[in-house]
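# Let's see this in three dimensions:
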Amino acid sequence: MYLASTRPDIAYAVQIVSQFMAAPRIAHLDAVHRILHYLQGTRDVGLFLPSQGSLVLQAFSDSDYAGFVVLRGPL
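Sure, this is the predicted structure:
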């Protein structure tokens with residue numbers, strides 16, 4: 001659970017695999033191995049949550065979807 005909260009890039013995959021904890025299959029074990037392999041390759045990536053001081057969250061968004069234009073026909 002710690003990894004899923006500090007590594008948002010794997011949160012979805014961990015959530016999906018955890019649904020099958022009561023009756024796991026080989027495919028679920030393979031998925032866990034893929035997650036662990038991904039974690040091994042990205043050891044230096046993660047969120048740092050300091051225990052003291054203020055926590056400031058900065059986020060950026062591409063609000064115009066990179067200028068994507070939706071072409072619509074007559075309504």
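# drop to CA atoms for contacts and neighbour counts, all remaining ones
Fine.
# quick one: what helix or strand has Phe60 in it?
For Phe60, there is no host helix or strand (DSSP states H and E).
# Tell me the confidence at it?
For Phe60, the pLDDT comes out at 71.
# cool, Ser63 as well?
Ser63 is assigned a pLDDT of 67 by the prediction.
# Could you do Leu71 as well?
Confidence at Leu71, expressed as pLDDT, is 60.
# From Leu3, how far out is Cys10?
Careful, residue 10 is Ile and not Cys. Look at Ile10 and Leu3: by CA to CA, to the nearest Å, they are 8 Å apart.
# pLDDT weak spots in this protein?
By pLDDT under 70, the low-scoring segments of the chain are 46, 61-75.
# Could you state which residue of it sits nearest its centroid?
In the chain, the residue lying closest to the centroid (CA atoms, centre = their mean) is Asp9, at 2.4 Å.
# which parts of the helix or strand hosting it are buried?
Using DSSP H and E, Asp9 sits in helix 8-18. Neighbour-count burial for helix 8-18, counted by 16 or more other CA atoms under 10 Å, picks out 10, 14, 17.
# And for stretch 18-37?
By neighbour count with 16+ other CA under 10 Å, stretch 18-37 contains the buried residues 28, 32.
# Please work out which residues outside it touch it.
Contacts to stretch 18-37, defined as CA atoms under 8 Å, 6 or more residues apart in numbering, come from residues 10, 13-14, 17.
# same thing but 7 Å
The contact list for stretch 18-37 (CA atoms under 7 Å, 6 or more residues apart in numbering) reads Val17.
# ok now it, how far from the chain's centre?
16 Å (CA atoms, centre = their mean, to the nearest Å).
# what distance separates the start and the end of that stretch?
17 Å.
# For stretch 17-33, what is the distance to the chain centroid?
18 Å.
# swap that for stretch 36-44, sorry
Here stretch 36-44 shows a centroid-to-chain-centroid distance of 13 Å under the convention CA atoms, centre = their mean.
# Check stretch 10-21 too.
That offset, for stretch 10-21, works out to 11 Å (CA atoms, centre = their mean).
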